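Enquirer: Generate coordinates for the sequence data below:
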Amino acid sequence: KKIKRNSTRYIIVHTSECDLKTTLKIVSKGKQDNYKWVSRGGHTHYVIARDGQTFRILDKKYRAAHAGLSMWNGESNLNRSSIGIELVGYHNQDITAKQYKSIQLLIKILKNKYNLDDIDVLTHSQIAYFKPNEYNPYKHRGRKRCGQNFDRIRAGLDKSWHYDPDVKAGRLAPEPRLAAIFYENR
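Expert: This next block holds a predicted model:
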């Protein structure tokens, strides 16, 4: 029952925020809350274990439900136009050298297949956003922390964004902590 993607414009890197066994269970079978299914499987295209082993979860021609509430450069719902890669681990933990070796190869293959550039590789924390809520009256970045520990250079990527295009265009309010991680040192 999966929907085919019509285009591939981005590769989105995530950290799974759990161990390998739990990651594989969630991305392949789905998520439950109080023993009720809140989503079915197909949450990402690839999972890279801490030892570098790579698992294909969903054929890349289909949409994976990895991006959630997302926007980049004015485009929303990036599930329609992106491939998701989960790195097993946590956003506050180092990504292993073996994971970097595997993701470097996978990104190279995907960039060549879809004619993508380094700037088309983003992290989930760069694309996720919040709708207005009781704490913030504006749509704003900062909904996710996953992938904020991703080192682009170790993944073989050179070029990157020097700013958040949705913040710059006024579509979203900034999240200062994430802006400092991704843009202020560039």
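Enquirer: Can you name the element that comes right after the longest helix along the chain?
Expert: Once the chain is assigned using DSSP state H, the helix that runs over the most residues is helix 97-114. Tracing the chain past helix 97-114, the next element assigned as helix or strand by DSSP states H and E is strand 121-123.
Enquirer: Give me the distance from that following strand to the chain's centre.
Expert: 6 Å (C-alpha atoms, centre = their mean, to the nearest Å).
Enquirer: Report the mean confidence score over it.
Expert: Computed over strand 121-123, the mean pLDDT rounds to 97.
Enquirer: can you check stretch 7-16 too?
Expert: Confidence for stretch 7-16, expressed as mean pLDDT, is 96.
Enquirer: ok, now stretch 49-58?
Expert: For stretch 49-58, the mean confidence score works out to 96.
Enquirer: so how far is it off the chain centroid?
Expert: From the chain centre to the centre of stretch 49-58 is a distance of 15 Å (C-alpha atoms, centre = their mean).
Enquirer: Output that stretch as PDB - backbone C-alpha positions only.
Expert: Below are the C-alpha coordinates for stretch 49-58, written out as PDB (Å, rounded to 0.1, in the frame of the first residue of the first chain):
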ATOM      1  CA  ALA A  49      23.900   0.200  12.500                       C
ATOM      2  CA  ARG A  50      26.700   1.300  14.900                       C
ATOM      3  CA  ASP A  51      29.000  -1.400  13.300                       C
ATOM      4  CA  GLY A  52      28.300   0.100   9.800                       C
ATOM      5  CA  GLN A  53      26.000  -2.600   8.600                       C
ATOM      6  CA  THR A  54      23.400  -1.100   6.300                       C
ATOM      7  CA  PHE A  55      19.800  -2.400   6.100                       C
ATOM      8  CA  ARG A  56      17.400  -1.500   3.300                       C
ATOM      9  CA  ILE A  57      14.000  -1.100   4.900                       C
ATOM     10  CA  LEU A  58      11.900   0.200   2.000                       C
END
